[in-house]
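S.K.: this is a predicted model, with the sequence first.
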Amino acid sequence: MSGLKNALIRTGLETLYFSGAHMMMRPFVGGVGVILTLHHVRPPRRGRFQPNHLLEISPRFLERVARALRRSRLDLVSLDEMHRRLAQGDFRRRFICLTIDDGYRDTREYAYPILKRHEIPFGIYVATSFADRLGELWWLALEAVIARNVRIGLVIDGRDQRFDCRTVEQKRELFDLVYGWMRSLKTEEELRHVIRDLSARYQVDIGAFCRDLCMSWEELAQLAADPLVTVGAHTVNHVILAKVPAAAAQAEMDMSRSVIEASLGMPAEHLCYPVGDATSAGPREFAIAANLGFKTAVTTRPGVLHRDHQDHLMALPRISVNGDYQQLRYLRVLMSGSATAVWNRFRRVDAA
């Protein structure tokens, strides 16, 4: 199903681009700015089973993106400048704000040199347990469990089930099934229990992903010393906030900010909701973020920024620079606002 979905999305983006519709629609749907988001920037991995591929782009593609942004007529702004323009209603020039989630080491190794060379400011949203080496990157652990085995057992909805996963296609189908089921669980505690149990039974060191892939506080401090870089909060444990009680959600947001400020000696005034879709963060989380005094908070709800977002600073949409669509023409369509306008049925603000 994911392959079919990707094909349909790609067809839609191609149609908008080659028909020129994205250019005709841009004056009406392009808004005042765009927040772009990345996760991993690193050389392509080997192997056909990479269900988390959408979260990573190559340094070569980022170089092309950086050059295109520099050639554009758009202002490239920091998180603080984006906030100023939205809060003050300064919409004289359209802008781009670049963000990178989670705090992976490849941000420092591959993304930073490219963005530094092109003098592009960017924000990093840090889950503090990752820098503390205590985090659980459960989506990577699930990929590893399926990748390393030809058959796994799992209790789903009270039923003991066995799954063959010898072929790449079987592995893809199983990942989609288990990932979707885990995301449907009512609490974060249930989700974490499932992945810890799977990792233990199939000898996957869930802590190794954090140790191997995420920046330490020392590495983050070196990066944050550059004025081009703004560090924002991404909770402590990268929890799906909608799956935890309100008090726990508030603690995750507030504590991550406090830990960043204590560890780096600088304020963390911007927030990113983990996962960030409508099932992960909604009006409750937006209200908590506002009460905590964050300047802005970003989701992964797709869309560009409109004037109306001046009144919804805790529910800002972003455009994902997606590893499955590493073509500049796709990014141009997305930045035009045309594709997301269609996706959102031409609703400019999605904060419900």
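M.R.: Structure's in. What do you need? Numbering: from 1, shown residues only.
S.K.: convert stretch 159-170 to PDB, retaining C-alpha atoms only.
M.R.: What follows is stretch 159-170, C-alpha atoms only, in PDB (Å, rounded to 0.1, in the frame of the first residue of the first chain):
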ATOM      1  CA  ARG A 159      -3.800 -12.800  19.700                       C
ATOM      2  CA  ASP A 160      -0.500 -14.600  19.400                       C
ATOM      3  CA  GLN A 161       0.600 -14.200  15.800                       C
ATOM      4  CA  ARG A 162       3.500 -15.400  13.700                       C
ATOM      5  CA  PHE A 163       4.700 -13.500  10.600                       C
ATOM      6  CA  ASP A 164       7.100 -14.700   7.800                       C
ATOM      7  CA  CYS A 165       9.400 -11.900   6.700                       C
ATOM      8  CA  ARG A 166      12.000 -13.600   4.400                       C
ATOM      9  CA  THR A 167      11.500 -11.400   1.400                       C
ATOM     10  CA  VAL A 168      11.800  -7.700   1.100                       C
ATOM     11  CA  GLU A 169       8.200  -7.400   0.200                       C
ATOM     12  CA  GLN A 170       7.100  -9.400   3.200                       C
END
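S.K.: buried stuff in that stretch?
M.R.: Phe163, Cys165, Gln170 (16 or more other C-beta atoms under 10 Å). (Each C-beta comes from the backbone N, C-alpha and C, glycine too.)
S.K.: now, those that are in helices?
M.R.: Here DSSP state H is the test, and those give Gln170 as lying in helices.
S.K.: could you export the buried residues of stretch 159-170 as a markdown table, including distance to Ala208 and pLDDT?
M.R.: Converted to a markdown table, the buried residues of stretch 159-170 look like this (distance: C-beta to C-beta, whole Å; pLDDT from 0 to 100):
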| residue | distance to Ala208 | pLDDT |
| --- | --- | --- |
| Phe163 | 24 | 97 |
| Cys165 | 21 | 97 |
| Gln170 | 25 | 97 |
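S.K.: and of the buried residues of stretch 159-170, the nearest to Trp181?
M.R.: Nearest to Trp181 out of the buried residues of stretch 159-170 is Phe163 (C-beta to C-beta; 11.6 Å).
S.K.: buried ones in the helix or strand where Arg257 lies?
M.R.: Using DSSP states H and E, Arg257 maps to helix 246-264. Buried positions in helix 246-264, judged by neighbour count with 16+ other C-beta under 10 Å: Ala249, Gln250, Glu252, Met253, Asp254, Met255, Ser256, Arg257, Val259, Ile260, Ser263, Leu264.
S.K.: what distance do you get for the residue lying closest to the fifth one once chain neighbours are set aside to His193?
M.R.: With sequence-adjacent residues excluded and distances taken as C-beta to C-beta, 6 or more residues apart in numbering, Asp254 is closest to Leu292, at 5.5 Å. Using C-beta to C-beta, to the nearest Å, we find Leu292 at a distance of 28 Å from His193.
S.K.: so between the two, which is more surrounded?
M.R.: More neighbours surround Leu292 than the other of Leu292 and His193, with 15 against 12 (other C-beta atoms under 10 Å).
S.K.: hmm, that one is touching Gln250, no?
M.R.: Yes. Using C-beta atoms under 8 Å, Leu292 is in contact with Gln250, at 7.0 Å.
S.K.: so what's Ile124 up against?
M.R.: Shown in contact with Ile124 (C-beta atoms under 8 Å, 6 or more residues apart in numbering): Thr99, Ile100, Asp101, Gly103, Thr107, Leu220, Leu223, Ala224, Val229, Thr230, Val231, Gly232.
S.K.: so of those, which ones are in helices?
M.R.: Those of the contacts of Ile124 lying in helices (DSSP H): Leu220, Leu223, Ala224.
S.K.: and those, which is closest to Asp324?
M.R.: Using C-beta to C-beta as the measure, the one of the ones in helices among the contacts of Ile124 that approaches Asp324 most closely is Leu223, at 27.1 Å.
S.K.: just give the number of residues close to that closest one.
M.R.: 19.
S.K.: which non-adjacent residue is nearest Gly32?
M.R.: In this structure residue 32 is Val, not Gly. Closest residue to Val32 apart from its sequence neighbours, by C-beta to C-beta, 6+ apart: Phe91 at 4.4 Å.
S.K.: give me the pLDDT for that neighbour.
M.R.: pLDDT, Phe91: 97.
S.K.: tell me which stretches of the stretch 151-300 of the chain form strands.
M.R.: Along the stretch 151-300 of the chain, the stretches classed as strands by DSSP state E, counting those that start in this stretch are 151-156, 159-164, 229-233, 270-272, 296-302.
S.K.: let me know which of those is tucked in deepest.
M.R.: strand 270-272 (a mean of 28; mean count of other C-beta atoms under 10 Å).
S.K.: and that one, what does it pack against?
M.R.: strand 122-126, strand 229-233, strand 296-302 (3 or more C-beta pairs under 8 Å, 6 or more residues apart in numbering; DSSP states H and E).
S.K.: okay, the angle between the last one and helix 246-264?
M.R.: Here strand 296-302 runs at an angle of 110 degrees relative to helix 246-264 (axes from the mean of the first three to the mean of the last three C-alpha atoms, to 10 degrees).
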